[in-house]
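Enquirer: Need a 3D model of the following:
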Amino acid sequence: MSLAPQKYLFLILCFVSLGTATSLEAQKRQANNWHFGDHYGLHFSNGFAETDYSSSIYTYESCTTISNKEGKLLFYTNGGGRSNQAICGHIWNRNHEIMEGGDLGYEMGGGYSAAQGVVAFQKPGTADVYCMMTVDEFETISVSPTTFPEGKGCSYFEIDMAANNGLGAVTVQNQKLMQPAFEYMSATIHANCEDYWVIAPTGYWAIADDPNEADSFYVFQITENGPLDPQVFPMPEGKPNIADEYGFMKITPDGSRFRCGSHLYDFDNSTGTISYGMNLLDSIGLERTDHLGFSSNSRFLYQFRKTIQDTINKLIISQYDLEDSDFQESGELIGQTILSEHSIVGMPQLAPDGKLYFLLQEDFFNAPTRLAVIENPNVKGPGCQPNYNVLTISNFPDQRFLSFGNFPDNIFKYDPVITHDLGADITLNCEAVDSIDLFGPDAMDCYLWSNGAMTQNIRVVDAGVYWVEFWDDCTMGVDSMILTIRNELFEIDLGDDVTLCEQASLVLEGPLLADASYLWQDGSANMDLEITEAGSYWLQMQVADCIDRDTLLVTQDFLPVIDLGEDELICEGEEIRLNTNVDYSLSYEWQDGTTQSFLMASAPGTYGVTVTNDCGTATDEMELTVVSCKACKLYIPNAFSPNDDGYNDSYQTFSNCQMSYYDIQIFDRWGSQVYGSQNQEESWDGNLKGIPCLPAVYAFILHYEWQDQNGIPIREVVTGDIALLP
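Expert: This next block holds a predicted model:
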């Protein structure tokens with residue numbers, strides 16, 4: 001009997017390696033952890049979104065997170081830093097430490113504010129190696145000074161997770177693939193279910209030295225040998241319409257289409273060929289600031305638009321059916337909510353639970369960030385259920401971030417599966433352990449068990465979660481069961497987690513049992529263990545086939561240290577903030593009896609604070625002197641109209657004093673910098689790289705310094721809004 005070519009290829013792929021055979025559920029678990037923003041995260045380990053504040057990441061937009069098939073964190077990254085502002089790029093391991101070779105510094109990788117600056121996935125044909133690709137942020141060339149006049153381009157990395165006892169190491173670093181490349185990039189799996197495609201547009205539009213160079217899509221095929229030479233497809237309209245065609249990229253989970261900017265393209269994931277689909281400006285009236293997201297079954301397109309209706313700011317969410325012959329008429333309003341004027345809506349992202357999540361920050365710089373969601377994105381009409389307040393991610397109003405990360409969305413693809421039942425979970429007594437036989441379904445093309453076996457049945461004896469993946473032609477299925485070994489013979493209890501002061505020690509005691517063996521985390525086999533340092537300590541005991549284990553977390557505290565700084569001199573009418581080392585384990589008491597961690601002072605005198613924790617107390621004082629100063633008056637306009645009519649055509653601040661330091665930065669409503677200068681005599685003409693900015697309200701922050709009549713430097717900071725009028 002001979003096999004059809006397609007089925008024969010399928011069987012080869014099924015058995016080629018454990019690293020390439022993944023079920024739908026195991027695939028989704030690879031996105032169980034999200035690390036983003038300023039030390040923020042989410043995880044889906046329990047089947048729904050929960051906050052995770054253990055992250056070491058610092059980023060604005062660029063980020064990605066990789067987990068294994070069991071959903072355990074492997075690594076995460078911000079993709080790169082910013083050379084002209086000394087912000088570093090890093091790759092962090094599962095312990096939230098910088099991975100070996102993962103310090104990208106300022107120059108390697110891309111930029112932490114690139115909208116889709118990094119993506120990662122398992123290297124084809126391997127079990128432990130991961131590919132990572134980065135593109136640069138626009139700020140590398142838009143914010144002066146720059147050491148990369150064409151940006152840092154698109155770079156390729158490889159990470160071996162078998163190195164350093166599973167903590168990983170970067171083995172291929174910063175291999176340049178194309179230049180220039182800014183902000184956007186997306187990835188999906190090849191039709192052969194092994195290789196990957198990565199699509200990245202060029203960035204000639206942003207380079208002043210190449211005003212006539214048209215932009216193209218570079219399509220990279222990533223194989224077991226790394227990236228092949230790219231295929232190049234010109235953008236349909238080229239450089240003159242970059243505001244429309246150059247923007248966020250998203251590939252449908254089935255790999256058949258992708259969105260870039262205001263265009264929808266068809267994509268052949270067997271050949272890597274791009275063909276033009278439709279202009280969403282015409283079909284759904286897409287605006288450049290709108291976000292788009294796809295459902296996991298690749299049928300529905302969701303449009304997220306901020307708009308003003310009857311002077312009320314709103315978020316409007318619409319759903320379009322990509323399978324409808326009249327796509328434009330298929331549009332349906334599925335939800336709306338009121339927002340503040342300067343609110344931010346983050347890019348939507350599918351998740352392992354099948355839902356489509358997005359961020360809502362109610363007011364630029366001034367409000368917490370909420371998690372919002374489309375609960376059932378595969379359902380047509382309002383039954384998809386928008387929910388605008390799932391949970392609060394950040395309660396700190398100045399913590400701005402726009403993206404959960406850049407994932408290959410084929411991870412979240414919805415497919416029907418074969419059903420099978422391994423049976424109910426089993427619990428055995430450790431004093432009577434016997435083997436258990438687990439049976440996969442009959443007549444499947446291939447099987448893969450959690451222990452690596454590829455037989456239909458397996459025999460197990462150890463506690464754990466056991467799953468089987470199985471395929472019949474092109475359809476897959478999965479089932480799991482839990483084997484629990486119950487220990488009724490003894491129990492270890494090391495007690496509650498504790499805090500040790502410096503120089504203190506603690507003896508952990510295991511229970512005394514005949515014929516027991518002891519194993520501590522450091523390898524020692526004594527019944528007791530003396531500790532003097534912070535850390536995670538565990539004891540495992542075994543008597544015959546019965547095993548128990550307990551873990552104790554020990555933190556260390558020190559005598560508090562407080563330094564209010566040198567004595568200060570301020571001008572009349574000014575106020576100074578006296579800070580301590582903010583630590584929630586400390587209590588504070590100032591000389592006036594107040595107990596907060598800081599004190600605002602404006603009157604002359606001696607100020608002192610006493611801080612206390614469980615290990616002791618510390619005090620400090622400083623003297624505040626108040627003098628009369630000559631005020632420096634600063635005039636800051638709140639609007640201008642760069643329409644060349646001779647009136648208020650540019651934006652500039654004015655003062656009645658000589659500045660010894662001046663630095664103004666202006667941002668659009670999404671937090672991207674559009675202008676900056678350290679020269680008070682310069683003015684902004686309302687353009688960014690020669691392209692007029694849209695009429696809107698922009699935020700600014702101004703740092704400046706002047707000297708009073710006694711020659712004492714006075715530094716001040718001013719923030720506010722600027723209206724760019726037509």
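Enquirer: where does the protein dip in pLDDT?
Expert: In the predicted model of the chain, residues 1-26, 208-212, 237-244, 364-366, 395-400, 415-417, 432-433, 473-475, 581-585, 628-631 satisfy pLDDT under 70.
Enquirer: Got the domain ranges for it?
Expert: Listed domain ranges for the chain are 31-410, 418-486, 498-557, 568-627, 634-724 (source: automatic domain parsing).
Enquirer: distance of the residue nearest to residue 58 when sequence neighbours are not counted from residue 418?
Expert: Of all residues not flanking residue 58 in the chain, residue 38 sits nearest, at 5.7 Å (CB to CB, 6 or more residues apart in numbering). From N, CA and C alone the C-beta is placed, and that goes for glycine too. Distance of residue 38 to residue 418, given as CB to CB, to the nearest Å: 44 Å.
Enquirer: Wasn't residue 329 part of a helix?
Expert: Yes. Assignment of residue 329 by DSSP: H, G, I helix; E, B strand; the rest coil places it within a helix.
Enquirer: To what extent is it buried, counted in neighbours?
Expert: Residue 329 has 11 neighbours, counted by other CB atoms under 10 Å.
Enquirer: Same check on the one 3 residues further on?
Expert: The criterion is other CB under 10 Å. On that basis, residue 332 has 15 neighbouring residues.
Enquirer: Just to check, it is in contact with residue 319?
Expert: Yes. Contact criterion CB atoms under 8 Å: residue 332 and residue 319 qualify, at 5.2 Å.
Enquirer: if I look at these two, which residues touch both of them?
Expert: Here residue 332 and residue 319 share the contacting residues 380-381, scored by CB atoms under 8 Å, 6 or more residues apart in numbering.
Enquirer: got the domains of the chain as TSV, with distance to residue 492 columns?
Expert: Output for the domains of the chain, formatted as TSV (distance: least, CB to CB, whole Å):
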stretch	distance to residue 492
domain 31-410	24
domain 418-486	14
domain 498-557	4
domain 568-627	27
domain 634-724	50
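Enquirer: So which of those is the most surrounded?
Expert: domain 31-410 (a mean of 20; mean count of other CB atoms under 10 Å).
Enquirer: what's the span of that domain, first residue to last?
Expert: 11 Å (CA to CA, to the nearest Å).
Enquirer: One more: stretch 409-423?
Expert: Stretch 409-423: ends 32 Å apart by CA to CA.
Enquirer: now that stretch, how far from the chain's geometric center?
Expert: 26 Å (CA atoms, centre = their mean, to the nearest Å).
Enquirer: now do stretch 196-211
Expert: On CA atoms, centre = their mean, the centre of stretch 196-211 falls 23 Å from that of its chain.
Enquirer: Where do the strands of the stretch 1-150 of the chain begin and end?
Expert: 33-36, 40-43, 50-51, 64-67, 73-77, 89-93, 98-105, 118-122, 129-134 (DSSP state E, counting those that start in this stretch).
Enquirer: Kindly present those as JSON lines, with separate columns for distance to residue 719.
Expert: Shown next, in JSON lines, are the strands of the stretch 1-150 of the chain (distance: least, CB to CB, whole Å):
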{"stretch": "strand 33-36", "distance to residue 719": "25"}
{"stretch": "strand 40-43", "distance to residue 719": "23"}
{"stretch": "strand 50-51", "distance to residue 719": "28"}
{"stretch": "strand 64-67", "distance to residue 719": "32"}
{"stretch": "strand 73-77", "distance to residue 719": "31"}
{"stretch": "strand 89-93", "distance to residue 719": "28"}
{"stretch": "strand 98-105", "distance to residue 719": "30"}
{"stretch": "strand 118-122", "distance to residue 719": "30"}
{"stretch": "strand 129-134", "distance to residue 719": "32"}
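Enquirer: Spatially nearest residue to residue 686 (excluding sequence neighbours)?
Expert: Nearest to residue 686 is residue 642, by CB to CB, 6+ apart, at 3.5 Å.
Enquirer: same check, this time on residue 625
Expert: residue 569 (4.6 Å).
Enquirer: Wait, a strand at the one you found?
Expert: Yes. Assessed by three-state DSSP, residue 569 belongs to a strand.
Enquirer: what distance separates the strand or helix carrying residue 358 from the centre of its chain?
Expert: Taking DSSP states H and E as the definition, one finds residue 358 inside strand 356-361. Chain-centre distance of strand 356-361: 13 Å, with CA atoms, centre = their mean.
Enquirer: Could I get the contacting residues of the closest residue to residue 509 other than its chain neighbours?
Expert: Leaving out its chain neighbours, the residue that sits closest to residue 509 by CB to CB, 6+ apart is residue 528, at 5.1 Å. By CB under 8 Å, 6+ apart, residue 528 lies in contact with 507-510.
Enquirer: In a markdown table: those, plus distance to residue 479 and secondary structure.
Expert: Converted to a markdown table, the contacts of residue 528 look like this (distance: CB to CB, whole Å; DSSP: H, G, I helix; E, B strand; the rest coil):
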| residue | distance to residue 479 | secondary structure |
| --- | --- | --- |
| 507 | 47 | strand |
| 508 | 41 | strand |
| 509 | 43 | strand |
| 510 | 39 | coil |
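Enquirer: Distance-wise, check residue 452 relative to residue 470.
Expert: Distance of residue 452 to residue 470, computed by CB to CB: 15 Å.
Enquirer: Residue 659 now?
Expert: Going from residue 659 to residue 470 by CB to CB gives 72 Å.
Enquirer: same thing with residue 456?
Expert: In terms of CB to CB, residue 456 sits 9 Å off from residue 470.
Enquirer: Give me the common contacts of these two.
Expert: 440, 444, 447.
Enquirer: picking up where we left off before, can I get the contacts of residue 528 in TSV with distance to residue 92?
Expert: Output for the contacts of residue 528, formatted as TSV (distance: CB to CB, whole Å):
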residue	distance to residue 92
507	35
508	30
509	36
510	34
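Enquirer: which one of those residues is nearest residue 185?
Expert: Here the nearest of the contacts of residue 528 to residue 185, counting by CB to CB, is residue 508; it sits at 49.8 Å.
Enquirer: ok, now how distant is the residue lying closest to that closest one once chain neighbours are set aside from residue 157?
Expert: Sequence neighbours aside, residue 529 is the residue nearest to residue 508 in space, at 4.8 Å (criterion: CB to CB, 6+ apart). Separation of residue 529 from residue 157 (CB to CB) stands at 41 Å.
Enquirer: Could you do residue 352 as well?
Expert: Distance of residue 352 to residue 157, given as CB to CB: 25 Å.
Enquirer: Please apply the same query to residue 717.
Expert: In terms of CB to CB, residue 717 sits 38 Å off from residue 157.
Enquirer: on that earlier part again, out of the shared contacts of residue 456 and residue 470, the closest to residue 411 would be?
Expert: residue 447 (22.3 Å).
Enquirer: Leaving out sequence neighbours, find the closest residue to residue 457.
Expert: For residue 457, the spatially nearest residue (CB to CB, 6+ apart) is residue 439, at 4.9 Å.
Enquirer: residue contacts, that neighbour?
Expert: Residues near residue 439 by CB under 8 Å, 6+ apart: 422, 456-457.
Enquirer: Can you name the residues bridging to residue 556?
Expert: Beta-bridge partners recorded for residue 556 (DSSP bridges): residue 500.
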